[in-house]
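Enquirer: Turn this into a model:
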Amino acid sequence: MKTSLKRHLNTVAVLATFLLPSLGFAQNSWYTEGDFAPSQRIKIQVQNSLNVDRKDCPVVIARDEFPVKKLHEMWVTVVDPSLPSKEKPTDEELAFVGGHGIREESNGHQIFYQLDDLDKDGIWDELFFQTDIKAHETKTMYIYFGFSGRGWNPSGTYATIGSYCKHQIAWWESKNIGWKLWFPTSVDMYGKRKPHLISHLMCQDNLCGYSGVHKVNWEYGSDIMRVSSSFGAGGIGLLELANHPDSLSLPRFAPRLGEKISEANFNEDQLTDTRYAFEVVVNGPLRSLIRVKTMNWNSGNGFYELLQDYTAYTNQSYSTCKVKFTSFFPHQNGVSFVCGIRANEIEKENFVEKGIAIRSGEELAADPDDDLGLRSHKVEFAGSALVVKDQFKPEYRRIKSFGDNHIFRIPVTADRSFEYMIAGAWSEGVVYNTPELFKNYVKAMALEYNNPVKVIFGTKELK
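Expert: Next up is the predicted model:
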C-alpha cells in the first residue's frame, strides 16, 4: 500500500513538473494585444557574446535557419517580454492612429520587424529586427503566429533612386547620416543637422545637396564629403598588378580604346564602357537596402561584373555593404579585392588599426560645380570610416593614387564575395560630433560587426 501511494505521488509530481509551467504560460505569459490572442509561438534566445551592452543591435534570421518557412508579414508578431506593455490607448490616440493602431497589450511589447525578400522571388529570405541587449546576456523573445492587422511602423531609414541634377543616383540613409552615389561606385556622404529622412525630399523637390550652406533647409544638412577621383566615403576596386602595389583598378576609370587607364578616364557611355544599374531592394522601416549592379567593366587587365548591397540601419550611423562578383576573369593571377575611403592629407586626422580606417578633420563643404563662388561652408569635423570583417583577412595599405586613400586589400574568396562597413558623422550633427566620439563609436560598432549575436530557436509551442 505504501509503495503504491509513493508511486502515485511521484507520478503526480512528474505531471506537475510538465503541466504547471504550461498552465502558467497559458494563463500569464502569452502575449495579447486588444482582441489578438495568438495560440502559436516560438521562443528564441538572442545571445550577446561580448562584454559590452548593445543598443539597436541588428538581429538577422535567415529563412533557411528558421523552423517555420511558410510566413506572411501580417502573420508574424515579434514580442520582447521584458518591455513594458502598452496601456489602453485614449480616445484621442485611437482617433489619430485609426484601426491599425496598437491596442492594450499584456505580457510584453511587440517590436518592429521586417520580413525581407532580398532576391525578389516573392519568398521572404530574412526576418530582421533590432533590440537592446546587455553584456553577455541571453535574451528571451517570442515570435507569435496569427493574423494581426495592427501596428504602425514609423520609418527610421529610407532608400530611393531619383534624379539629382538630371543624373539618376541612389540614396540610402538613417536619420543620423546619409549616403548617395553620384559616382556609381564611390560614395558621397550627407550630414544632417537634426534627425531627418531627407532623400525623398531632395529628389522630389530638386534640392541641391549644398542648400544647407545658404541656410535654406538648414536642418536637412549638407553634402560633407569630397569624392573627386577617390573612394570618397567608401568604394571598391581591385589590385590587379601584384608587382605594382600602388596601382588600382576602379570601375569608373576604365581605359579608353587605345589609351592606358588614368584618373581622367571617367566613364563615357553605356555601350562600350562600364555601366551601372540601381535597385531599391528593401525600404524600411528598420533597414533600407540599395543594390548596385556594375556591368561590363573591362579594366584592361580583366573583365568583371558585380553586385553591391548597401544597407542603412535605424538609429545607427553606419552602413554595411555586401559585395559579390558575378563575373571575374582576370588576365593574370594574384588579383585582390579592394575597398577604401579617402584619406586626410593631414596625418594626425587619420586613424588606422586592425581592420579599421578612419578619416577625420575639417572639411570644406563646397559645391564643386558652382561657378558663382557662393556655396561653401567650413565644417569643423567631418568623419568617415571603413571597417572590414576579420574573417576576410584585410591588409591595410595607404594608396596615394586616385586622390590618396586608405584601402584594405582582401584575398579573393571562394565565392568571390566580401563585406565591409562604412560610417559617418560631422560636427554639426547631434551624435558622434567630435573626432573622439566618432572614433569610439566606430571601434564599438566594429567589435559588434565582427561578433554578431547568435539566435537559438525553441520548439513551436501551442497555447
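
Enquirer: lowest-pLDDT helix or strand in the chain?
Expert: Counting by mean pLDDT, DSSP states H and E, the weakest-scoring helix or strand in the chain turns out to be helix 2-24, with a mean of 41.

Enquirer: What score does the residue lying closest to residue 156 once chain neighbours are set aside have for pLDDT?
Expert: When the adjacent residues along the chain are set aside, residue 156 lies closest to residue 314, with 2.9 Å between them (CB to CB, 6 or more residues apart in numbering). From N, CA and C alone the C-beta is placed, and that goes for glycine too. Looking at residue 314, its pLDDT stands at 98.

Enquirer: wait, residue 314 sits on residue 153?
Expert: No - using CB atoms under 8 Å, residue 314 is not in contact with residue 153; the gap is 10.3 Å.

Enquirer: And for the closest residue to residue 50 other than its chain neighbours, the neighbour number?
Expert: Of all residues not flanking residue 50 in the chain, residue 451 sits nearest, at 5.6 Å (CB to CB, 6+ apart). Residue 451: 14 surrounding residues under other CB atoms under 10 Å.

Enquirer: Could you measure from residue 451 over to residue 353?
Expert: Plainly put, residue 451 is 16 Å away from residue 353 if you go by CB to CB, to the nearest Å.

Enquirer: Name the residues contacting each of residue 314 and residue 153.
Expert: Common neighbours of residue 314 and residue 153, using CB atoms under 8 Å, 6 or more residues apart in numbering, are 285-286.

Enquirer: that older thread, ok, the residue nearest to residue 156 - contacts?
Expert: Residue 314 neighbours (CB under 8 Å, 6+ apart): 56, 130, 156-157, 174-175, 285-287.

Enquirer: ChimeraX command for the buried members of the residues you listed?
Expert: A single ChimeraX command selects the buried members of the contacts of residue 314 (16 or more other CB atoms under 10 Å):
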select :130,156,157,174,175,285,286,287
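
Enquirer: So which of the contacts of residue 314 sit within strands?
Expert: Judged by DSSP state E, strands contain the following of the contacts of residue 314: 56, 130, 157, 174, 287.

Enquirer: Thought residue 240 was touching residue 299, still the case?
Expert: Yes - under the criterion of CB under 8 Å, residue 299 makes contact with residue 240 at 6.3 Å.

Enquirer: okay, and the common contacts of those two?
Expert: Common contacts of residue 299 and residue 240, defined by CB under 8 Å, 6+ apart, comprise residue 249.

Enquirer: Helix, strand, or coil at residue 439?
Expert: Three-state call for residue 439 (DSSP: H, G, I helix; E, B strand; the rest coil): helix.

Enquirer: what sits against it?
Expert: Residue 439 neighbours (CB under 8 Å, 6+ apart): 351, 358, 360, 383.

Enquirer: Perfect, I'm done here.
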